[in-house]
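Colleague: attaching a predicted model along with its sequence, questions to come.
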Amino acid sequence: MPEQYPRKIIFDMDGVITSEECYWNTAALVVWELLFSRRGLELPLPVELPPFEPRPPASRIKTVRAIIFQEDRVISFFKRRAVNSNWDLAFYTFAFQLVLFLNRHFGDKGDHLKRFLQDEGLSVELLPLLRRLVADSGQDFSVPSFAPITESLDQETGGLEMGAKLYNLLTPSLAAAIPGDTFKPVSLLFSGVHHIFQEWYLGEEGYQARYGRPPVQGGKRGFIEDEEPLLPVKTIKATLVALRQRGWLLGIATGRPEGEIIPPLRKMGLLACFHRPAVVTYDLVEEAQRARETKGEQLLLGKPHPFSLLKAYWGEQCPLEVLLYPPFPAPPAGHCYLVGDAPADLLAARAAGIPFIAVLTGPEGRAGHSLFAGKGAAAILPDLTHIPAFLGGGL
């Protein structure tokens, strides 16, 4: 095989090397804020939920997550359907409640809602005005329930179709008032949810540093400093070093921005194990998406699209256009593996023509075996420390 074809193992990060606990907590707090604070719909609280505050103690965060994500059943529901990003997790969980709210209060008043929106579409900034519109009409607000989310959406709905499914849940009269992209990750509403997520995750100072402006809601401390590895760092590092010593270059294909993955890896002492040109973060995915937008095309390149995997393997060897559309250029046989914990990783690997190694360190643990069994995974391993043995030889 020509030397220009390197041997690379590409890792997803969350659920493989880094824990997703901080992200899941953040996603739950985003939904909490949007539904129950003055910044959002300010709905009546379920009796078991605490009132909104920007700096809740750990015990309240635990309560909020347990209720909103139904003891993490909602997380598993979306993960099983290839919703890979935790921004998407927060967005779709809130959007489902928003659909119920709109149907309840505007279901037979689609024209009224359309006049209110004036064809500008829904945004986070309009949520308090929507609530006021309902209050002025004399309608009563009901307490939201989080249980129906896993019962109401089609059991076969995948991540790329989730926005369309939410849109279809609207009544015909109401759907005519809502722009078609409202429940897709390209909308004003999604952008607003994303920024609230970043406020919680980065904290007030981190958000200011990242975006050059203060957050709308101050006082949030941020969760990025609480990042933890899934396994002891020494154990992870020994595995990565062993793979490098056998001639493998190690890459990353993650939905995290660079500023949210490089600092934790550096802090854990793992960054030097990775081949930096093979580290593909959300920043590069977003840059490629924006390049398409300038040509009038909306193309979502996060997993399960294979772009980030192919970019991590090929680097600059393949023109960008070749990595965007099928047929995709698969790496030579035996020269690349993807290690991941979720169906979105498996689908991306399959599209890229890259063998997939599943690790059972995602939200469902060992029970996640059923997600990958019989679906073409090259291996299903308890965790990443078993990779050297699978490829031949132990540590």
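Modeller: Perfect, thanks for sending it.
Colleague: going by C-alpha atoms from here, please, whenever you check contacts or count neighbours.
Modeller: Fine.
Colleague: Gly110 contacts Leu170, correct?
Modeller: No. Using C-alpha atoms under 8 Å, Gly110 is not in contact with Leu170, being 10.3 Å away.
Colleague: for the least confident helix or strand in the chain by mean pLDDT, packing partners?
Modeller: Lowest by mean pLDDT, DSSP states H and E among the helices and strands of the chain is helix 149-152, with a mean of 79. Helices and strands touching helix 149-152, by 3 or more C-alpha pairs under 8 Å, 6 or more residues apart in numbering; DSSP states H and E, are helix 73-80.
Colleague: quick one, helices of the stretch 51-200 of the chain?
Modeller: Per DSSP state H, counting those that start in this stretch, the stretch 51-200 of the chain carries helices over the ranges 58-68, 73-80, 86-106, 110-117, 127-136, 149-152, 162-168, 172-175, 188-211.
Colleague: restrict the first one to CA atoms and write it as PDB.
Modeller: Extracted C-alpha coordinates of helix 58-68, given in PDB (Å, rounded to 0.1, in the frame of the first residue of the first chain):
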ATOM      1  CA  ALA A  58     -25.700  20.100  42.500                       C
ATOM      2  CA  SER A  59     -28.700  18.600  44.300                       C
ATOM      3  CA  ARG A  60     -31.100  20.800  42.300                       C
ATOM      4  CA  ILE A  61     -29.300  20.100  39.000                       C
ATOM      5  CA  LYS A  62     -29.800  16.400  39.700                       C
ATOM      6  CA  THR A  63     -33.500  16.900  40.300                       C
ATOM      7  CA  VAL A  64     -33.900  19.000  37.200                       C
ATOM      8  CA  ARG A  65     -32.200  16.400  35.000                       C
ATOM      9  CA  ALA A  66     -34.000  13.500  36.500                       C
ATOM     10  CA  ILE A  67     -37.400  15.000  35.800                       C
ATOM     11  CA  ILE A  68     -36.800  16.700  32.400                       C
END
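Colleague: any idea of the mean pLDDT for it?
Modeller: In this model, helix 58-68 carries a mean pLDDT of 97.
Colleague: what does the last one give?
Modeller: pLDDT averaged over helix 188-211 equals 96, rounded to a whole number.
Colleague: nearest the middle, which residue of the protein would you pick?
Modeller: Against the mean C-alpha coordinate of the chain, by C-alpha atoms, centre = their mean, the closest residue is Ser85 at 0.9 Å.
Colleague: residues contacting that residue?
Modeller: By C-alpha atoms under 8 Å, 6 or more residues apart in numbering, Ser85 lies in contact with Gly255.
Colleague: so what's Ala253 up against?
Modeller: Contacts of Ala253 (C-alpha under 8 Å, 6+ apart): 10-13, 279-281, 308-309, 312.
Colleague: got phi/psi on it?
Modeller: phi -130, psi 100 (degrees, to the nearest 10).
Colleague: count the neighbours of the closest residue in space to Val31 that isn't next to it in sequence for me.
Modeller: Nearest residue to Val31 in three dimensions, chain neighbours excluded: Phe94, at 5.4 Å (C-alpha to C-alpha, 6 or more residues apart in numbering). Using other C-alpha atoms under 10 Å, Phe94 has 22 neighbouring residues.
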